[in-house]
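In: predicted model follows, preceded by the sequence.
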Amino acid sequence: MSLVNCYITPDLALEPPSAVCNVDTRMEYFGDQPLTLKTELCLQTFQVNLATKGLNSVHVPVVFGMTDVLMGKFSATTSTYCNIPWPDFMMSSQINETDLWPSSTGMKTLWNAKLFPVLTDSGEPTLDTLFWAFHPARQHRLRSGYPEVDKWRSSWRFSFDDIFKAIDVAAEFASRRALFNDVLGEILRQKLLHSEDFNFLPYFRSAAADGFAQQLLTVLDDVAPLSSHGVTARALALIADLLGSMAGGRGGLRSGPAANEAFAAAYRAFDNEDMAGGIALMAKERKKWVGRPDLLIRCARHYEGAAQICIRKAVASAKKFISVSRSETAEKPSDKHDTWWVAECPARIDLSGGWTDTPPICYEHGGLVINAALLINGKRPIGAKVRRTANFSVVLIGDNDSRLELLETSDLSDYCIPNAPGALLKTCLIFANVLDPQLPQSLSEQLQSKWGSGFEIVSWSNLPQGSGLGTSSILAAAVVAALWSALGMKFDNEAVVHAVLCVEQMLTTGGGWQDQVGGVFGGIKAASSAAKLPLQVQTEKLNITPENLEEFSSRIVLIYTGKPRLAKNLLQNVVRNWYAREESVVSTCTNLKSTAEKCRDSLQNWSFDNIRSCITEYYEQKKLMAAGTEPVSVRELIAALTPYISGHTLAGAGGGGFFFCLLKNPEDREEVEKLVPSVKGAHGSVVFGAAIDVSGMKLTTLPVTA
C-alpha cells in the first residue's frame, strides 16, 4: 500500500495493494459516506482551473488501475481500465463507449476517455461519483437508470488529457503544501503523544520556508499539556527548534540567557505543575517575539528554559528513592560543636555508557554506565566536612580558603546560579532542609529553632578544574553526606546518589547520575536506570577478583592534558539533539548501552582485550554524541602513545581534562611517563598516579581543633 501526501480518516478504507496520492478525506470532495477503495487501484486528486468557464479551481478525483496502460487502444484485447478489460468494465458499470468518447474522431484510449466528473448538478464532484472504484464488485449488470450511473452521466466530465491541460499549477502546489503541512501536524501530534522517535528538524525548516510554522506551533501548543512531563518537555524543546527555524539561521546563538521577566509568570505556572497554564502563557507571550530573528532566538531560549523546568520535575521523582531518617543514637545538637563530620570521595572514570545517564535520556531511553572509583596519587581527592557552631549563621569555606558567611535567607537567593559564590553548597543546604529561603523566619531563627546551632562547611577538590572526573557531582555527594551525618541522619549510598540528582537540577546544571555513582560506590560497577519514571538508579558492584583489580590498576595511565574540559553548552546541545530525535544521537545512545553491556560482561568474565576494545569504542561514541570534543593535542598524544597503550578515552564528556588509557604492558609505564611531556602540542600534560578504590566514599569524624 502506498500513501503519498494524504490525510486519511477511517471513513476511507483501503484494500491492499492500493495507492493514494494527494487525498484529504476531510475535504468536501470526499462526500459524506464511508468508502472502500478496491484492491490494486490508484486514487489521486488534481486542482483543475475552470476560469474559462467563469468558475474557480475545483478538486477532481481520478482513479485508475495499477496495470492500466494510459495510451493503450480501447479496442485492443489487452486494454483495461481499473485492471478490468474494457468490455467487462462497461458491462458491469453500464457506461458505454459514447459516454466516454463523444467524438468519433481519433484513437480511443484511456488517456482521452471522459471518465472523471468535474462538475455535477450539486457542484464539485465527490468520490462516490467514481462509483465503480468503491462499491463491491457486482456480478450482474446495473439496472438502467441506476442513480449512480445517472449522476455520473449527467456530470461535466474530463479525461486525463483534459485534466493535465487544465491543471491550476499554482493552486495544485499550494494545495499540496497545505496538505503536506496538515499531515505533518498530525504526525507531529501522534509521534509526541506516543513518545516515538522522529526527527522533525528538516520538516520544521520546510514549514518555516513555506509559511506554515504557525500551524505547527498551534499543534505543539495543543499537545504539550496533554501527557507526561516528558511529552511536555519535548514539545517545548521542539517549539524552540521551530522558532530557531523561523529565524533562518539569523538572530544569534540559541544558547544564552532565559530570564526575561515577560516569561516569569509562565515559569511559575510550570513550577506549580500547571502545565496547561504555562503553555498558554508562553504562547500568548510568544506572539510578541516573532517579528525579528533576534527576538525569535531569544524566545526559543525561554522555551528551552521551560523544558528544563519539566526535566527538573521529572528528575525530582528520584526523591522517592531517598531514604533518610533521624538516627536513634544521634547526640543532642548542643553536644556536637567539637566534631567535624567528614566525607571523602574518590574520583570516577567512565569506561562505557556515559551520556545515557543524562536526563532526559536516562528516563526516556534508559541508561547503563560502567565506571570505576579512582584514587588519585593514592588519595581520595574530593571531600567535605561539616561542623556545628555556636553562632546562628552558616560559614562556607571552599578552595583557596575562600570564605562566605550566610547571615540572611536572602543570601541563599542565588543558589540556582551555578557560578554564584557557594552556589553548590547553598543548594545542598536547601535540599537537606537545613534552611528554607521561602519561610518567613530569618536565617538565624531557622537555625536556632530547627537545629540549635549554626554550621560551617568546608569543601575541597584536589583535581584540576575541568578534569572530567566528575568533580562537581561527587563534591555534591560529599557535602550532602557530611551534612546528613552532622544532622544525625541515617542514610545509605543509594540515597546520596539520588539526592545529588535532585541537587544538580535545583542548581540548574542538569547533570546525570554516573558521576556520583562513581564517587560514592567503590570498585568497578554497572549502574542503570529504566526508561520510565520515577527515576531510579540501581548500582551493581561487579564481581571482579582482587587480583584482576590489581592488574587493572597496574595498567592505568591517567594524564591531565593541560586543557580544562570545556563543557559549556555541551550538555545543552546533546539534550537539544535528543529532543529533536536527531538520528545519529538516537542510534548512538542505543550503541552506548550496547557497548556498556559488552563492557560489563567482559569485566565479569575478565577478558582484558575486550575490556580495552570497549573503552576505545566508547570514546568514539562520545565523539559522535558531542562533535568537536577531541582537541588536536589529544590526537597527537594518542598517536604518540599508540605503541604502548590499548584502550583509551577522554574522561567525562570530553573536550579536555584527563586522558585515561591502559598499558599493553605494565612494564612500559616509565617509558610512557617520560614520553608524555615531549609530545608535540601536549606541553603541560602531567601524569597522575591512579588506582581503583575498592571502598568508595569514606565517612569519618574528626575533633575540632583550635
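Out: Happy to help now that I have it. Nothing here was measured: the structure is a model prediction, and the numbers come from that model.
In: pLDDT score assigned to residue 137?
Out: pLDDT recorded at residue 137 is 39.
In: er, residue 103 actually
Out: At residue 103, pLDDT is 82.
In: so it, which state does it fall into?
Out: Put simply, residue 103 is coil when judged by DSSP: H, G, I helix; E, B strand; the rest coil.
In: count the neighbours of it for me.
Out: Neighbourhood size, residue 103 [other Cβ atoms under 10 Å]: 9. The C-beta positions use only the backbone N, C-alpha and C, and glycine is treated the same way.
In: likewise for residue 449?
Out: 10.
In: was I right to think residue 314 contacts residue 232?
Out: No - Residue 314 lies out of contact with residue 232 (Cβ atoms under 8 Å); the separation is 9.4 Å.
In: neighbour count winner among these two?
Out: Per other Cβ under 10 Å, whichever of residue 314 and residue 232 has more neighbours is residue 232, with 27 against 23.
In: where does the stretch 251-400 of the chain dip in pLDDT?
Out: 328-336 (pLDDT under 70).
In: can you name every helix or strand that the helix or strand hosting residue 502 contacts?
Out: Element membership for residue 502 (DSSP states H and E) is helix 493-507. Using 3 or more Cβ pairs under 8 Å, 6 or more residues apart in numbering; DSSP states H and E, the elements in contact with helix 493-507 are helix 293-315, helix 423-431, helix 471-486, helix 514-520, strand 538-541.
In: deepest of these, which one?
Out: helix 514-520 (a mean of 32; mean count of other Cβ atoms under 10 Å).
In: next structured bit after it?
Out: Next element after helix 514-520 (DSSP H and E): strand 524-529.
In: that next one pairs with which strands, parallel or anti?
Out: Applying DSSP bridges, strand 524-529 is found paired with strand 367-376 (antiparallel), strand 538-541 (antiparallel).
In: what does the next helix or strand after the shortest one contact?
Out: Using DSSP H and E, the helix or strand that directly follows strand 538-541 along the chain is helix 546-555. Surrounding helix 546-555, the residues in contact under the criterion Cβ atoms under 8 Å, 6 or more residues apart in numbering are 372, 523-524, 544, 606, 608, 662-663, 666, 690-692, 694.
In: select only the buried ones of the residues you listed in PyMOL?
Out: Only the buried entries of these go into this PyMOL selection, using 16 or more other Cβ atoms under 10 Å:
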select buried, resi 372+523+524+544+608+662+663+690+691+692+694
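In: save the contacts of helix 546-555 as TSV, and put in distance to residue 402 too.
Out: Listed next are the contacts of helix 546-555 as TSV, based on distance: Cβ to Cβ, whole Å:
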residue	distance to residue 402
372	31
523	34
524	35
544	40
606	45
608	44
662	37
663	39
666	40
690	28
691	31
692	32
694	33
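In: residue 385: which of the contacts of helix 546-555 is nearest?
Out: residue 694 (23.0 Å; Cβ to Cβ).
In: quick one, phi/psi of that closest one?
Out: phi -80, psi -10 (degrees, to the nearest 10).
In: wait, it touches residue 523, no?
Out: Yes - with contact defined as Cβ under 8 Å, residue 694 reaches residue 523; the gap is 4.9 Å.
In: and for those two, which residues touch both?
Out: In contact with both residue 694 and residue 523: 373, 549, using Cβ under 8 Å, 6+ apart.
In: can you measure across stretch 560-571, start residue to end residue?
Out: Counting by Cα to Cα, to the nearest Å, you get 22 Å between the two ends of stretch 560-571.
In: my bad, stretch 204-223
Out: 16 Å.
In: just to be sure, residue 205 is in a helix?
Out: Yes - using three-state DSSP, the assignment for residue 205 is a helix.
In: chain neighbours aside, what residue packs nearest to it?
Out: residue 245 (4.8 Å; Cβ to Cβ, 6 or more residues apart in numbering).
In: ditto for residue 398
Out: Using Cβ to Cβ, 6+ apart, the closest residue to residue 398 is residue 459 (5.5 Å).
In: who are the contact partners of that neighbour?
Out: 383-384, 396-399, 424-425, 475, 478-479.
In: distance to residue 676 added to these, as TSV?
Out: Shown next, in TSV, are these (distance: Cβ to Cβ, whole Å):
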residue	distance to residue 676
383	28
384	32
396	37
397	34
398	31
399	26
424	32
425	35
475	28
478	30
479	34
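In: out of those, which is nearest to residue 75?
Out: Closest to residue 75, out of all of those and judged by Cβ to Cβ, is residue 424, at 88.0 Å.
In: is it true that that closest one touches residue 477?
Out: No - counting by Cβ under 8 Å, residue 424 does not reach residue 477; the two are 11.0 Å apart.
In: quick one: low-confidence parts of the protein?
Out: Those would be 53, 135-146, 328-336, 565-568, 706, if you go by pLDDT under 70 across the chain.
In: for residue 448, phi and psi?
Out: Taking degrees, to the nearest 10 as the convention, residue 448 sits at phi -70, psi -40.
In: quick one: the strands in the stretch 301-450 of the chain?
Out: For the stretch 301-450 of the chain, the strands defined by DSSP state E, counting those that start in this stretch cover 325-326, 339-345, 347-352, 367-376, 382-389, 394-397, 403-406.
In: report the angle between the fourth one and strand 339-345.
Out: Right, strand 367-376. 110 degrees (axes from the mean of the first three to the mean of the last three Cα atoms, to 10 degrees).
In: likewise for the third one?
Out: Interaxial angle, strand 347-352 versus strand 339-345 (the same axes, to 10 degrees): 30 degrees.
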